[in-house]
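J.: Dropping a prediction and its sequence here:
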Amino acid sequence: MSAFRRRSFLVASVITSMLAASGAVSQQSVPFSMGVPVAPTGLQHQALGPGPWTYKTAEGMDIKVSRWVSNIAWPYSMAFLPSGELLVTTRKGGLHLIGKDGKTNQLVTGGPPSVFRGESGSLGAVHGYMSLVVHPRFAQNKLFYFFAHVPDADNGYRGALYRARLDGLALKDLTELLPNSGIRGATALTMTPDGLLFVGSGGDKAAQEPDKLNGKILRLTDDGKPAPGNPFIGKEGHRPEIYSMGHRATLALTTHPTTNEIFLSEMGPNGGDEINWIKPGKNYGWPIVSLGRTYPGPWQNKANIPTHEGYEPPIIYWTPSIATSGLTFYTGDKLPKWKGDLFVGGLRYGEVPGTGRLDRVLLNEKMEELRRESLLTDLHQRIRDVKQGPDGALYVATDEESGAILRIEAR
């Protein structure tokens with residue numbers, strides 16, 4: 001070592017020792033709000049840009065991403081109709097019908113009043129209209145289902161599950177299912193081809209309480225009754241609607257295209273986002289176990305770090321979190337290298353706003369992860385939902401004030 005380098009090293013060592021002795025070398029102290037670190041804002045609210053965008057992807061298939069619909073504020077959930085038209089809910093309580101070419105965007109009337117508060121993604125934010133699913137026999141009965149936060153007494157709000165019939169640009173026969181359920185917050189819906197409705201509700205302590213519907217996956221008939229064959233029917237102290245329990249924040253449900261089994265996108269705390277393969281009667285462990293940490297930093301379960309021992313484990317997990325959202329299996333031919341893959345929306349990565357993404361996960365026939373790829377990270381958008389269109393393209397909703405529906409196809 002030269003004399004100059006020795007002197008530089010000694011000076012640096014002395015400075016470091018002096019700073020340490022004075023207490024200046026330490027971890028940052030960050031502000032907290034409601035027990036959660038206040039998120040940094042340096043990357044959020046970036047404009048999407050006009051597009052289109054082209055990308056190389058891991059499987060050797062170039063893709064083109066283009067705006068299909070622009071200027072739709074805070075889109076939340078999407079469902080394609082047999083006609084090729086698209087229904088979209090928004091967190092402001094809107095229901096939009098998008099033409100099959102993406103060129104028309106019309107509001108559907110007749111929905112219930114709703115409550116939305118705060119900026120999407122912020123602490124205490126409330127979404128108006130949320131998850132949406134179309135009845136498998138929609139072509140015959142025109143029925144679909146959606147979940148909303150509606151006004152309650154004393155300027156409050158409650159969650160409500162609705163069934164409605166779409167008649168042109170109006171809702172008819174609007175019916176609330178599961179009245180007085182106590183469910184609110186992120187709530188997910190899917191249906192199986194036999195017409196059974198699955199409802200995912202979030203919960204904390206109640207997720208382990210079988211006499212409550214919070215923190216559960218419910219399995220219902222298409223008129224909202226407990227489905228025959230549910231695992232807890234007739235069991236004392238258990239609600240007959242429950243199919244599985246121990247869930248935290250249920251952001252999306254999807255039905256496997258060949259087995260009709262149910263998969264859940266479940267947001268963890270600080271880390272521990274999960275994709276769960278839902279099986280009847282199983283307990284997925286929240287809040288007793290988690291692969292994540294509490295927001296101030298400690299593990300969710302200090303005594304059992306980190307494991308799901310004794311509970312059903314996730315098939316996929318993320319630490320740090322990506323704030324999992326929309327979920328779908330791809331079955332089309334327009335993106336042939338991705339056929340059979342699972343696509344998962346992400347609202348933000350590692351608790352940093354402005355870092356949304358779309359993750360592609362390759363699974364084997366046993367639903368075991370082989371590899372994953374993150375897409376659209378450079379767009380800095382909150383990815384709220386992802387669905388396969390009838391044309392075989394993938395469609396992605398960006399959860400932004402100037403939101404968009406993006407279309408993904410092979411280039």
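T.: Done, it's in.
J.: Name the residue closest to the centre of the chain, please.
T.: Ser325 (1.7 Å; CA atoms, centre = their mean).
J.: Helix, strand or coil: sort out that one for me.
T.: Here Ser325 is strand, with the state taken from DSSP: H, G, I helix; E, B strand; the rest coil.
J.: do you know how far it is from Ile233?
T.: 32 Å (CB to CB, to the nearest Å). Using the backbone N, CA and C atoms, a C-beta is placed for each residue, glycine as well.
J.: One more: Glu59?
T.: The gap separating Glu59 from Ile233 is 44 Å, by CB to CB.
J.: what does Ser66 give?
T.: Ser66 is 48 Å from Ile233, by CB to CB.
J.: ok, now Gln140?
T.: 29 Å.
J.: Of these two, which one has the most company?
T.: Neighbours were counted for Gln140 and for Ile233 using other CB atoms under 10 Å; Ile233 has more, 14 against 9.
J.: Now do the contacts for that one.
T.: Pro226, Pro240 (CB atoms under 8 Å, 6 or more residues apart in numbering).
J.: swap in Leu264?
T.: Ala188, Gly200, Ile217, His247, Thr250, Ala252, Leu253, Glu274, Ile275, Asn276, Ile278, Leu327.
J.: Adjacent strands (with direction) for the helix or strand where it lies?
T.: Per DSSP states H and E, Leu264 falls inside strand 262-267. Here strand 262-267 is paired, per DSSP bridges, with strand 249-255 (antiparallel), strand 273-278 (antiparallel).
J.: With just CA atoms, put it into PDB.
T.: Extracted in PDB, the C-alpha atoms of strand 262-267 (Å, rounded to 0.1, in the frame of the first residue of the first chain):
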ATOM      1  CA  ILE A 262     -59.300 -21.500  -7.000                       C
ATOM      2  CA  PHE A 263     -56.100 -19.400  -6.600                       C
ATOM      3  CA  LEU A 264     -55.800 -16.200  -4.400                       C
ATOM      4  CA  SER A 265     -53.600 -13.200  -4.600                       C
ATOM      5  CA  GLU A 266     -53.100 -12.300  -1.000                       C
ATOM      6  CA  MET A 267     -51.200  -9.200   0.100                       C
END
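J.: Now that strand: buried residues?
T.: By neighbour count with 16 or more other CB atoms under 10 Å, strand 262-267 contains the buried residues Ile262, Phe263, Leu264, Ser265, Glu266, Met267.
J.: Out of the residues you listed, flag the one nearest to Lys225.
T.: Ile262 (18.3 Å; CB to CB).
J.: Contact partners for that closest one?
T.: Thr190, Thr192, Phe198, Ile217, Leu253, Thr254, Thr255, His256, Trp277, Ile278 are the contacts of Ile262 under CB under 8 Å, 6+ apart.
J.: at 7 Å what do you get?
T.: Counting by CB atoms under 7 Å, 6 or more residues apart in numbering, Ile262 touches Thr190, Phe198, Leu253, Thr255, Ile278.
J.: Output the strands paired with strand 262-267 as a markdown table; include the columns mean neighbour count, distance to Thr90 and mean pLDDT.
T.: Shown next, in a markdown table, are the strands paired with strand 262-267 (neighbours: other CB atoms under 10 Å; distance: least, CB to CB, whole Å; pLDDT from 0 to 100):
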| stretch | mean neighbour count | distance to Thr90 | mean pLDDT |
| --- | --- | --- | --- |
| strand 249-255 | 25 | 16 | 97 |
| strand 273-278 | 24 | 24 | 98 |
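J.: if we can go back for a sec, turn the contacts of Ile262 into CSV, including distance to Asp333.
T.: Below are these laid out as CSV (distance: CB to CB, whole Å):
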residue, distance to Asp333
Thr190, 23
Phe198, 28
Leu253, 25
Thr255, 20
Ile278, 28
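J.: Which of those residues sits closest to His308?
T.: Nearest to His308 among the contacts of Ile262, with distances taken as CB to CB, is Ile278, at 14.6 Å.
J.: Hmm, Ile242 is touching Leu220, no?
T.: No. Checked against CB atoms under 7 Å, the pair Ile242 and Leu220 is beyond contact range at 10.6 Å.
J.: Compare those two (neighbour count), which wins?
T.: Comparing Ile242 with Leu220 by neighbour count (other CB under 10 Å), the higher total belongs to Ile242, at 25 against 21.
J.: so who does the more buried one touch?
T.: Pro210, Lys216, Leu218, Asn230, Phe232.
J.: Same check on Val150?
T.: Pro112, Pro113, Ser114, Val115, Tyr157, Arg158, Ala160.
J.: A helix includes the fifth one, no?
T.: No. The assignment for Tyr157 (three-state DSSP) gives strand, which keeps it out of a helix.
J.: Okay, helices next: where are they in this structure?
T.: Counting by DSSP state H, one finds helices in the chain at the ranges 3-22, 138-141.
J.: average model confidence for the first one?
T.: Just to be clear, that refers to helix 3-22. Mean pLDDT, computed over helix 3-22, is 43.
J.: One more: the shortest one?
T.: Along helix 138-141, the predicted confidence averages to a pLDDT of 98.
J.: Could you pull out the buried residues of it?
T.: Residues Phe138 are the ones in helix 138-141 that count as buried (16+ other CB under 10 Å).
J.: still on that earlier bit, which of the contacts of Leu264 sits closest to Trp286?
T.: His247 (5.8 Å).
J.: For Leu370, which non-adjacent residue is closest in space?
T.: Leu362 (4.6 Å; CB to CB, 6 or more residues apart in numbering).
J.: Quick check: Lys172 touching Arg165?
T.: Yes. Under the criterion of CB under 7 Å, Lys172 makes contact with Arg165 at 4.7 Å.
J.: Just grab the bridge partners of Ile275 for me.
T.: Ser265, Ile316.
J.: quick one: contacts for Leu189?
T.: Leu189 touches Ser131, Leu132, Val133, Tyr145, Phe147, Leu197, Phe198, Val199, Leu253, counting by CB under 7 Å, 6+ apart.
J.: Could you identify the most distant pair in the residues you listed?
T.: Leu132 and Phe198 (13.4 Å).
J.: all strands for the stretch 251-400 of the chain, in order.
T.: Here the stretch 251-400 of the chain has its strands, by DSSP state E, counting those that start in this stretch, at 262-267, 273-278, 316-318, 324-329, 342-346, 357-363, 369-375, 383-388, 394-398.
J.: and Arg407, which of those is closest to it?
T.: It is, among the strands of the stretch 251-400 of the chain and with distance given as CB to CB, strand 394-398, at 5.8 Å.
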